[in-house]
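Enquirer: Dropping the sequence and predicted coords here.
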Amino acid sequence: MSTTKQKILATSLVLFNQYGLSKITLRSIAKEIGMSQGNLSYHYKKREDIIEALYHQLVLKIDEKIQATTPSSVTVKTLYDIARTTITLFYEYRFFFLDFTQIMREHENIRIHYNQLMTLRKKQTLDLFEILIKQELIRPEKIANEYDHLYTRIQIISDFWMTSKSLEHASISLKTTEDYIKIISESIYPYLTQKGIKEYQKIQ
């Protein structure tokens with residue numbers, strides 16, 4: 001990626017985060033960078049192209065964290081580390097989640113990719129749970145689809161915690177992410193074995 005494209009994406013991310021999608025145009029991005037709108041359009045013809053590029057940037061960063069995890073290295077801390085990485089990156093790209101519904105309605109490419117991605121993320125997470133069961137760090141399911149539903153609850157919290165906070169008119173900061181990292185990591189606690197609890201207590 002060219003330096004100019006990187007600068008456009010970095011500037012757009014700051015503006016989208018600060019002001020929201022509705023107030024930012026190609027013109028305002030170009031003005032902030034100090035280039036003509038025509039020059040910016042040479043790199044990204046539409047604002048939607050910038051949003052899509054930022055979305056894929058976020059996905060790639062999370063992919064790198066997950067792909068660095070090997071079956072032999074999986075522990076309870078692995079789940080905590082993935083939660084921390086995910087929530088921190090979601091905050092870094094917070095405009096996407098604060099305008100989540102709008103983006104999904106208006107960007108078909110993102111919506112299609114996101115739905116496919118969620119299928120993959122569920123499989124990746126359930127695979128991690130299966131490894132932890134084999135290691136006797138979390139217990140086997142007591143009811144059908146118990147871990148499937150656990151994944152769904154974690155996904156909903158991850159995707160919508162910022163929307164919830166904004167509806168409370170509460171400020172969202174990097175410090176706020178710590179609360180939600182804790183909420184997500186605690187979601188796994190009822191499923192831990194005694195061996196898993198000892199690992200969890202070390203993390204805390």
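Expert: Arrived safely.

Enquirer: what distance separates the helix-or-strand element of the chain with minimal mean pLDDT from the centre of its chain?
Expert: When the helices and strands of the chain are scored by mean pLDDT, DSSP states H and E, helix 174-187 comes last with a mean of 90. Here helix 174-187 is found 13 Å from its chain centre; the criterion is CA atoms, centre = their mean, to the nearest Å.

Enquirer: buried stuff in the helix of greatest length in the chain?
Expert: Using DSSP state H, we find that the single longest helix of the chain is helix 108-134. Residues of helix 108-134 classed as buried by neighbour count (16 or more other CB atoms under 10 Å): 110, 114, 121, 125, 128-129, 131-133. (Each C-beta comes from the backbone N, C-alpha and C, glycine too.)

Enquirer: quick revisit: take the helix or strand just after the least confident helix or strand of the chain, keep the C-alpha atoms, and write them as CSV.
Expert: Of the helices and strands lying after helix 174-187 in sequence (DSSP states H and E), the nearest is helix 194-203. Written as CSV, here are the backbone C-alpha positions of helix 194-203 (Å, rounded to 0.1, in the frame of the first residue of the first chain):
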residue,chain,number,x,y,z
GLN,A,194,-10.8,-26.5,39.1
LYS,A,195,-7.7,-26.8,37.0
GLY,A,196,-9.1,-24.0,34.7
ILE,A,197,-10.0,-21.8,37.7
LYS,A,198,-6.3,-22.0,38.9
GLU,A,199,-5.2,-20.7,35.5
TYR,A,200,-7.8,-18.0,35.5
GLN,A,201,-6.8,-16.8,38.9
LYS,A,202,-3.2,-16.4,37.7
ILE,A,203,-4.4,-14.1,34.9
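
Enquirer: one step back: so what does the helix or strand following the longest helix of the chain touch, helix or strand wise?
Expert: Using DSSP H and E, the helix or strand that follows helix 108-134 in sequence is helix 146-167. When contacts are defined as 3 or more CB pairs under 8 Å, 6 or more residues apart in numbering; DSSP states H and E, helix 146-167 packs onto helix 76-92, helix 94-98, helix 100-106, helix 108-134, helix 174-187.

Enquirer: Check which residues of helix 146-167 are buried.
Expert: Buried residues in helix 146-167, counted by 16+ other CB under 10 Å: 147, 150-151, 154-155, 157-158, 161-162, 165.

Enquirer: follow-up on the earlier one: closest one to residue 75 out of the buried residues of helix 108-134, please.
Expert: residue 132 (8.0 Å; CB to CB).

Enquirer: give the contact list for the closest one.
Expert: By CB atoms under 8 Å, 6 or more residues apart in numbering, the contact list for residue 132 reads 74-76, 79, 138, 196.

Enquirer: same thing but 10 Å
Expert: Residues near residue 132 by CB atoms under 10 Å, 6 or more residues apart in numbering: 74-76, 78-79, 138-139, 147, 188, 191-193, 196, 199.
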